[in-house]
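S.K.: Give me coordinates for this.
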Amino acid sequence: MATMAMLNTPPFFIQTLISQTPSTNSSPFSYSPLIRHGYFRKFRTKQPTSLLATSNKTQMGFQPCSSSSNPHMLGIFTLFQSFGLNEKETESLFHKNSALAYTAQESLLNRFVSLQSVGIVGFGIYRLVTKRPEILTAEEIDSLISFIIQNLKGIEPMKLEHLLIANDPRIFSGFSQKVELLIDHGIPAEKLVHFLNRINLKVFCYRELEEIERIIIFLKRYSVDLIIRRPMLLNLDLDNQLIPRSKFLTDLSGDEKATEFIVRKFPPVLSYTVEHLKSQTEFLKSVGMSDEEVFKIVLVYPGLFSISKERKLQPRIEFLKQCGLNSSDMFRFLIKAPLFLSLSFEGNLSKKLGFLVKLGYENRTRELAVAMGATTRTSCQNMQMMIGVFLDHGFSFEDILVMSRKHPQILQYNYKSLEKKMEFLIEGMGREIGELLAFPAYLGYKLDERIKHRYEVKKTSRGKRLSLNKLLSVSTERFMDKKNSTEMVSSLEEVKKD
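M.R.: Next up is the predicted model:
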């Protein structure tokens, strides 16, 4: 009678599945054979008993649809059926993993529950068990799941599921030691889950502990932060990938410190093959640049290595050639405007080119190239709004063209900042807006720290007589000397009056 009472007590996980499972027969979680025979129907009126709180879990079986007379097999077939596997699929699992026939039902049940505890539920369990049945019997899985529950809460269930499906369970035997190695070398414990979610866990698990440590030590020469920012570097081969790529950069620069700077600034550089790195730099050399010039461009913009040579690098260099720039001109251009090489043509550069042509710039000219360089530091929307601000203050396209030729940087200034500076010029200083035609660089100085400050200092002694150029372009040291001299003259004049 006691046994029958236990049989009539539904496991908690099965009750949960019943409440969440659709009633369609097309789903792999269709329980119609059991429901049709009434084996689950009678449990719906009872309170679910927690599986973990039940001491006699080995007795928790249900009468299966199978006609087998083996009680052990009856329980296992029913257990598997509760997770969506029919008799045919269950028999197939036994052919794939004969150890299932000798595994206690309690052990299998606990393994199912442990998989659920790390987020592998529903169809995920069905998919995992059918593709990798040894997951249910391998000893390594218990220690893996226990370590994950205790130390890695939050690891992506789908990533874990894919890892378990794709690999022999034996590779997980040293997983905890490898993760602890990361902590020993400075990876913060609170970032471990984020770190592991971003690396290739298959490579990480297959690699020997000593090899992982060698890679970590090599990368730490640049900084631990590099590993945290770019976890995928840990999956690269040390001798065949990381060391040759680092050596190429050092050979290019002739300075290990410079290489370290590049790697810290742009960690993905170590993800590119030596052949790719060489191809990018050789192309720039082919247009006449020296090794030193190429390296200086890389130093300013290591993102150069992420640019497609065919789709972007070659067409952009050709554009500069058509504008009349030689290799020295192109070097200076790319040092100031390296983003020109990577910005989208359709969504960015073509629109800016249209604005410049509308202002009056002629195609295939050096002036157009310089103006294009200036626009790389702003968005198309800001550039359009900037032109609108000038037009609203009475300037024509020709006026904007004149100012941008004198001071191309106005093409990249924030339109809101321009508007405030123009308003202060007119209302605060009482000047004519037309003065910008002679000195457009006024718009590049900081409003509060330089323009307002210097105007307040000089307005009593020089007033409106001092030009914008003389007011703003002199160095701070020279300006302070003039300020002190003016104050001294004023004091002497006051003494004379007294």
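S.K.: contacts, neighbours, all on C-alpha from now
M.R.: Will do.
S.K.: The closest residue in space to residue 86 that isn't next to it in sequence is in what secondary structure piece?
M.R.: Leaving aside its sequence neighbours, residue 86 sits nearest to residue 80 (CA to CA, 6 or more residues apart in numbering; 7.5 Å). Counting by DSSP states H and E, the element that carries residue 80 is helix 71-82.
S.K.: Buried ones in that helix, by neighbour count?
M.R.: 72-82 (16 or more other CA atoms under 10 Å).
S.K.: ok, now stretch 176-196?
M.R.: If you call a residue buried by 16+ other CA under 10 Å, then stretch 176-196 has these buried ones: 176, 178-179, 181-182, 187, 189, 192-196.
S.K.: Just the CA trace of the helix holding residue 80, in PDB.
M.R.: Only the C-alpha atoms of helix 71-82 are listed here, as PDB (Å, rounded to 0.1, in the frame of the first residue of the first chain):
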ATOM      1  CA  PRO A  71      10.400  -3.100 -13.500                       C
ATOM      2  CA  HIS A  72      13.700  -1.200 -13.900                       C
ATOM      3  CA  MET A  73      13.000  -0.700 -17.500                       C
ATOM      4  CA  LEU A  74       9.400   0.300 -16.900                       C
ATOM      5  CA  GLY A  75      10.500   3.100 -14.600                       C
ATOM      6  CA  ILE A  76      13.200   4.300 -17.000                       C
ATOM      7  CA  PHE A  77      10.800   4.300 -20.000                       C
ATOM      8  CA  THR A  78       8.300   6.300 -18.000                       C
ATOM      9  CA  LEU A  79      11.000   8.700 -16.800                       C
ATOM     10  CA  PHE A  80      12.200   9.300 -20.300                       C
ATOM     11  CA  GLN A  81       8.600   9.700 -21.600                       C
ATOM     12  CA  SER A  82       8.000  12.400 -19.100                       C
END
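S.K.: per-residue confidence for the residue nearest to residue 337 when sequence neighbours are not counted?
M.R.: In space, and not counting its chain neighbours, residue 337 is closest to residue 373: 5.2 Å by CA to CA, 6+ apart. You'll see residue 373 listed with a pLDDT of 96.
S.K.: List the residues that contact residue 373.
M.R.: Contacts for residue 373 (CA atoms under 8 Å, 6 or more residues apart in numbering) come out as 333, 336-337, 340.
S.K.: First-to-last residue distance for stretch 430-440?
M.R.: Distance across stretch 430-440, first residue to last, is 17 Å (CA to CA, to the nearest Å).
S.K.: got it, and stretch 251-260?
M.R.: First-to-last residue span, stretch 251-260, CA to CA: 13 Å.
S.K.: got a list of contacts for it?
M.R.: Counting by CA under 8 Å, 6+ apart, 222, 246, 249-250, 291-292, 295, 299 sit against stretch 251-260.
S.K.: in that stretch, what's buried?
M.R.: Per 16+ other CA under 10 Å, stretch 251-260 contains these buried residues: 252-253, 258-260.
S.K.: Same list (the residues you listed) but as JSON lines, adding distance to residue 153.
M.R.: What follows is the buried residues of stretch 251-260, written out as JSON lines (distance: CA to CA, whole Å):
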{"residue": "252", "distance to residue 153": "44"}
{"residue": "253", "distance to residue 153": "44"}
{"residue": "258", "distance to residue 153": "39"}
{"residue": "259", "distance to residue 153": "37"}
{"residue": "260", "distance to residue 153": "34"}
